Structure formats: C-alpha cells, structure tokens
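>>> Following is a predicted model, sequence given first.
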Amino acid sequence: MRKILAGSQIKTLDQRFIQAKGISSLELMEEAACAFVDWLMEQSDLRNRPVFIFAGKGNNGGDGMAIARLLHTIGFSVTLIATASKEDSSIDNQLNSERLPDSLQVVSSDSFDWKIPVGAIVIDALLGVGLSYPLEGRLLEIVRRINEISAIKIAVDIPTGLPADTVVAGEAVRADFTVSFQFPKLSLLFPDHAAYVGRLNFVDIGISVDFQNQLEGSKFLLEQGDIPALHLKKNDFIHKGDMGKVMLIGGSKGKVGAILLASQAALRAGSGLVYANIPADERLTCQVAFPEIMYSTELVEDLDAIGVGPGWGTTLHPEELSQLFQKYAFPMVLDADAINLMAKYPKLLHEIPANSILTPHLKEFERLVGSCDNHSIRLKKALELATTYQIIVVLKGAYTCISTPDGNQYFNTTGNKYMATAGSGDVLTGIITSFLGQGYAPVQAALVGVFHHGLAGDIAAKSKNRGLIASDIIRSIPQTFIELDID
Ligand SMILES: NC(=O)C1=CN([C@@H]2O[C@H](COP(=O)(O)OP(=O)(O)OC[C@H]3O[C@@H](n4cnc5c(N)ncnc54)[C@H](O)[C@@H]3O)[C@@H](O)[C@H]2O)[C@@H](O)CC1
Ligand SMILES: [K+]
C-alpha cells in the first residue's frame, strides 16, 4: 500500500531515489515533466490550446521550464512567464532554463501583459511542496491575477500556495486540475481545498511503492491494487453458514428504508443470512418487497456481526446501545443514530467493544468530538478517537479516511460526488457488516468495505450521473467483485 509522505520527506525521497538509481536530479525532473506532458496529451479536450506557463524559482519552476520545452517541441504555442531571475533559482531550474530553445517565448512576470485568451491553458509551476510560508508580495499578486482570469488552470504537483500537509493560510492558485507526482500530498485530500485542487490526478515518475515505503509514515492511500490481497478466499464447498449471519439494527417506524438498504447491501456483499430488525407492523410489506431478507423484532442469537444505527431514531435511551454492547461483545458496525446516541451520552464510548467500526459522516463526527475548524484537525481527532477507544473510525466523505487503533490512517480512492445522496451511508454500513460477518478482521472489513462501496458508486455513476440513488450503489456491488477479479 502506497504511503502518503509528508512534504518535508519528499526531498529525502528524491535524493535517496536518484542515488539508488544512479541518475541525476535533473533526469528525475525530466521524468516528472514527461509524465505531466503525457497526462496532458491524454486529455483530448485540452489539446490544441495556447499554453501559458508560470514558473517560480524552485524545482517546481524547473518542472515548468521542462514542460514548456517539451510542449513547444511537440507543437504547442507556449509562453513561459518567469517570476525569478536565473541567479535566484534552484540549480535544476537554471539548467532547464538553459535548455529552452530560442524559439520559445519567455517573458518576465514584471513585463507580462496578461493577454491570455479565454480557453487557453495556464500551467501553475510557481511553487510546489517547497512552500514554507503563506504567499505574499509579488507572488501573491500573480496568484490573484491567475485566479481572476478565465482559462483552464493546471497545477504542477500542488497548487501554488497550498502547504503539503496542512490547511492553506491565505491565498492559493485555484486550479481546475492538479497533476501530482507519484503520490498525493495529504492536503490535496482535504475538502477545505476542493476549490484549489480541482480534479486530482497522479502521474508516475518511476519511484516504486516499495521505495516510497522505506520512509517513515502511517498514512496510506487505498488503491485498487491493494484490495484483492485483503479479501478472504472462499472455496467451492462453502455454504451460507460460512458466509456469515448478520443483523442490521435500526429502522424505527417510518425509517425502515435505511435498514432495508443496509440489509440488501449486506446480501449483495456476500452475506449468507441477513436479518433486518424492524417494527412488527412493517414486516409484511418488507417481506414482499425484499424476500431474501429475514425480519425480526427480537435480537437474534449466534450472529457473526451486527450493524447498528441506520434509521434507529433520535429518542433512544442509552441503555439500548449499552445492552447491545453487552449482548454481542464482539466488533460491530456503529453508524448514524448509534453515533448520535454516543454523542449525546459520551460514556457509551467507553463501552464499545474493541475494534468496532464507527462510520460517521463529517457532521456526525463533529457531534461526537466537537466542531473542527478544518480537515487537518478532523483527521487528528479521528486518529485520537481510534487510538483512545481502540476502535476503527471511518470518516466518510471524498477520500474517506479509515483511522485504526494502531495509529494508521488509510485514504480511499473510490467514490464520487453523486454518492452524496440519502441512504448511501446505510449501504456502506451493510457492506462493512457483511464483510465483518464473513470473518474479515475488522480493519480489513472496513478497508475492503469502503473501497467496494466507492467502486460500486463509481460504476453506478457512469450511467446515473446526478440521478444516482442509494439503490443504484447496491445494484452495482456485484460488478465490483467482477472488476476486481474476486471469485
Ligand atoms: N519526487 C518528487 O515529488 C519530485 C519533485 N519535483 C518538483 O520539485 C518540487 C519541489 O521543489 P522545491 O523543493 O525546490 O520547492 P518549490 O519549487 O516549491 O520552491 C521552493 C523555493 O521557494 C521558496 N519559497 C517557499 N515558500 C515561499 C513563498 N511563500 N513565497 C515565495 N517563495 C517561497 C523557498 O525558499 C525555495 O527557494 C515539487 O513540488 C515538484 O514540483 C520534480 O522536479 C521531481 C520529482
Ligand atoms: K504548483
């Protein structure tokens, strides 16, 4: 699994890599510039447009110079706007400046006329992960002007002004696309930075995952290639008893939909037997509509896992959750109203069975831990919650973050904005409960569950777009196993 390194580690990584490979830092920069240009060439709607590249004094600016040369060579109309004098610039920046052909138009930012046609591409190579203080003075002015013009803005590695690991202070480039080298910087995953990062892409510059992972770090990116190894193998002789008997608890009167969504999702994720705990007078209708689910008003015995909370109601007594913790003293999934109940009665947190999985969305999370000014604080609090109570915290949203009791954080790469719809979270509860019931270790169940949920949403979004509803995610769960080649 790929580590998300801190901004301060990236220089060390570069140095170690070029030493190990016996290449120069200039060659690595060329690799990065080529990867950027390859990405650009793959975007059919971005070709044949004039390109304006703003280059700063560091290696991000050096990337910009190399990109300018490469794009010019393949026939793009390129204007390079240099913000620093050559003497003031990093060595590789200077070397790339010397490599620029005479036919390429280079202007100083001081004399640039800002005549950028609508529809042109503006490439931001002003500053990268070397940012060490908020933007000010001349550079701040340039960034403000870039943000005002109407062009397609693409940030090289990271939008100028964003720190790699924390929340922006002041101004930063508001990019339409960010093309980040090799791995994301943590701050690119913050919702606070959505307006700066635009669409995030990673390009490979040849530094292998094993190489990156030699550096210290406890934050990881959860990617498609990581998932098959996390799955349990199922042999041909299994029967439904081996696939887990689970119960979804919640669904108070008028809110049974939530528990039905979770229950169907559990079945689609592979559970052998799924019970839905719903009021007696709702049973008949539900049985007819969803015959594969079993219904019970009582708590069933010998369960392999439970998921508690979707549509449970907000007038519950803390004893109801306390009793569940005592009766099923094994890891369970706690969502929605179960989380709201714990927020109201924090003493319940001490009673949660170890390795249980909490799946709050941002608002539920803040009800639980108090309001957070930004995502960086939220992530710290999520980790604190996980390590203090020895539980797994799944903080839902774009790049859902899974914090584990041993202090790791995993950021998911599947999912999309169309999944922000009623019932989407209930589906996740059902999927994770299903994997837990099938015998997956709790951390595995959370990682695999979150990934499949997002992937099902991505599959559904292809045909449903803004019209996507939670049932579409459920219908797409089977396709996720096919896409990941899980038998
Ligand atoms: N493995 C990688 O990730 C690679 C990184 N490369 C590039 O190298 C970049 C990092 O290069 P550098 O370390 O030179 O960093 P930058 O290019 O971000 O620039 C650092 C320079 O800017 C100055 N500076 C810091 N904050 C400032 C501010 N607010 N206003 C004005 N100046 C400021 C610093 O004093 C330093 O001189 C990456 O972002 C990436 O674009 C690539 O060239 C090659 C591979
Ligand atoms: K940049």
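Sure, I can see it. Residues are numbered from 1 along each chain as shown. Ligands and ions are numbered 1, 2, ... in the order given.
>>> Local confidence estimate at the residue of the chain positioned farthest from its centre?
Most distant residue from the mean C-alpha position of the chain: Asp102, 42.8 Å away (Cα atoms, centre = their mean). Looking at Asp102, its pLDDT is 96.
>>> Next, it: secondary structure please.
coil (DSSP: H, G, I helix; E, B strand; the rest coil).
>>> Adjust the sequence numbering to begin at 434 for everything that follows.
Right, with 434 as the first residue, what we last looked at is Asp535.
>>> Name the residues of stretch 545-563 that are buried.
The neighbour-count check on stretch 545-563 (16 or more other Cβ atoms under 10 Å) flags 545, 549, 553-563 as buried. Where you see a C-beta, it was placed from the backbone N, CA and C, and this is true even at glycine.
>>> Secondary structure element for the closest residue to Asp839 other than its chain neighbours, which one?
Nearest residue to Asp839, sequence neighbours excluded (Cβ to Cβ, 6 or more residues apart in numbering): Thr820, at 7.7 Å. According to DSSP states H and E, Thr820 maps onto helix 808-822.
>>> Stretch 776-794 - what's its average pLDDT?
97.
>>> got it, and stretch 615-625?
93.
>>> next one: it to chain centre, how far?
How far stretch 615-625 lies from its chain's middle: 8 Å, per Cα atoms, centre = their mean, to the nearest Å.
>>> Would you work out how far apart the start and end of that stretch are?
22 Å (Cα to Cα, to the nearest Å).
>>> tell me which residues in it are buried?
Buried residues in stretch 615-625 (16+ other Cβ under 10 Å): Gln615, Phe616, Pro617, Lys618, Leu619, Ser620, Leu621, Leu622, Phe623.
>>> give me every residue that touches the spatially most central residue of the chain.
Central residue check for the chain by Cα atoms, centre = their mean: the C-alpha nearest the mean position is that of Tyr832, 1.7 Å away. Residues near Tyr832 by Cβ atoms under 8 Å, 6 or more residues apart in numbering: Leu622, Phe844, Asn845, Thr846.
>>> tell me the SS of it?
Put simply, Tyr832 is coil when judged by three-state DSSP.
>>> ok, it to ligand 1 distance?
Distance, Tyr832 to ligand 1, using Cβ to the nearest ligand atom, to the nearest Å: 19 Å.
>>> Give me the phi and psi angles of that residue.
phi 50, psi 50 (degrees, to the nearest 10).
>>> Excluding chain neighbours, what is closest to the residue of the stretch 734-883 of the chain found nearest ligand 1?
Ligand 1 sits closest to Phe844 of the stretch 734-883 of the chain, with a gap of 17.8 Å, by Cβ to the nearest ligand atom. Computed as Cβ to Cβ, 6+ apart, the closest residue to Phe844 that is not its neighbour in sequence is Tyr832, at 4.7 Å.
>>> could you measure that neighbour against ligand 2, distance?
Relative to ligand 2, Tyr832 is positioned 20 Å away (Cβ to the ion, to the nearest Å).
>>> got it, and Phe868?
39 Å.
>>> what about that residue, how many neighbours?
Look at Phe868: counted by other Cβ atoms under 10 Å, it has 30 neighbours.
>>> quick one on the thing from earlier: inside strands: which ones of the contacts of Tyr832?
Of these, the ones assigned to strands by DSSP state E are Phe844, Asn845.
>>> Of the contacts of Tyr832 - the most surrounded one?
Result: Asn845 is most packed of those (other Cβ under 10 Å), 25 neighbours.
>>> Okay, and the beta partners of it?
Leu655 (DSSP bridges).
>>> quick revisit: possible to save the buried residues of stretch 545-563 as CSV with pLDDT?
Converted to CSV, the buried residues of stretch 545-563 look like this (pLDDT from 0 to 100):
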residue, pLDDT
Phe545, 96
Ile549, 96
Ala553, 97
Ile554, 98
Val555, 98
Ile556, 98
Asp557, 98
Ala558, 98
Leu559, 98
Leu560, 98
Gly561, 97
Val562, 96
Gly563, 95
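>>> and ligand 2, which of the residues you listed contact it?
Near ligand 2, taking Cβ under 5 Å from the ion as the test, the members of the buried residues of stretch 545-563 found are Asp557.
>>> What average pLDDT does stretch 497-505 get?
98.
>>> can you list contacts of that stretch?
Contacts of stretch 497-505 (Cβ under 8 Å, 6+ apart): 462-463, 465-467, 469-470, 473, 484, 486-489, 511, 513, 526, 529-530, 532-534, 536-537, 556, 558-559, 589.
>>> Those in strands, which ones?
Per DSSP E, the subset of the contacts of stretch 497-505 in strands is Val484, Ile486, Phe487, Ala488, Val511, Leu513, Ile556, Ala558, Val589.
>>> which pair in the residues you listed spans the largest distance?
Largest separation among these by Cβ to Cβ: Val511 and Val589, giving 14.1 Å.
>>> Of the two, give the one with the bigger neighbour count.
A count of neighbours by other Cβ under 10 Å puts Val589 above the other of Val511 and Val589, at 29 against 24.
>>> quick one: that one from ligand 1, how far?
Distance from Val589 to ligand 1, by Cβ to the nearest ligand atom: 6 Å.
>>> before we move on, what about Leu648?
For Leu648 relative to ligand 1 (Cβ to the nearest ligand atom), the value is 11 Å.
>>> and the residue lying closest to Phe487 once chain neighbours are set aside, what is it in contact with?
Leaving aside its sequence neighbours, Phe487 sits nearest to Ile514 (Cβ to Cβ, 6+ apart; 4.9 Å). Taking Cβ under 8 Å, 6+ apart, we find Ile514 in contact with Phe485, Ile486, Phe487, Ala488, Val540, Ser541, Ser542, Phe545.
>>> and if you look at Phe644?
Here Phe644 is in contact with Leu446, Arg449, Phe450, Ala453 (Cβ under 8 Å, 6+ apart).
>>> Helix or strand for it, just tell me which one.
Going by DSSP H and E, Phe644 is part of helix 642-645.
>>> Give me the buried stretch members for the helix ranked longest in the chain, please.
As assigned by DSSP state H, the longest helix anywhere in the chain is helix 875-897. Within helix 875-897, the residues that count as buried by 16+ other Cβ under 10 Å are 875-894, 897.
>>> before we move on, what about stretch 652-672?
Buried, per 16+ other Cβ under 10 Å, within stretch 652-672: Lys652, Phe653, Leu654, Leu655, Glu656, Asp659, Ile660, Leu663, His664.
>>> same thing with stretch 842-859?
842-848, 851-852, 854, 856-859.
>>> and if you look at stretch 635-645?
Phe635, Val636, Ile638, Ile640, Gln645.
>>> go on, stretch 479-488?
Leu479, Arg482, Val484, Phe485, Ile486, Phe487, Ala488.
>>> Only whichever of the contacts of Phe644 are buried, select them in PyMOL.
Only the buried entries of the contacts of Phe644 go into this PyMOL selection, using 16+ other Cβ under 10 Å:
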select buried, resi 446+450
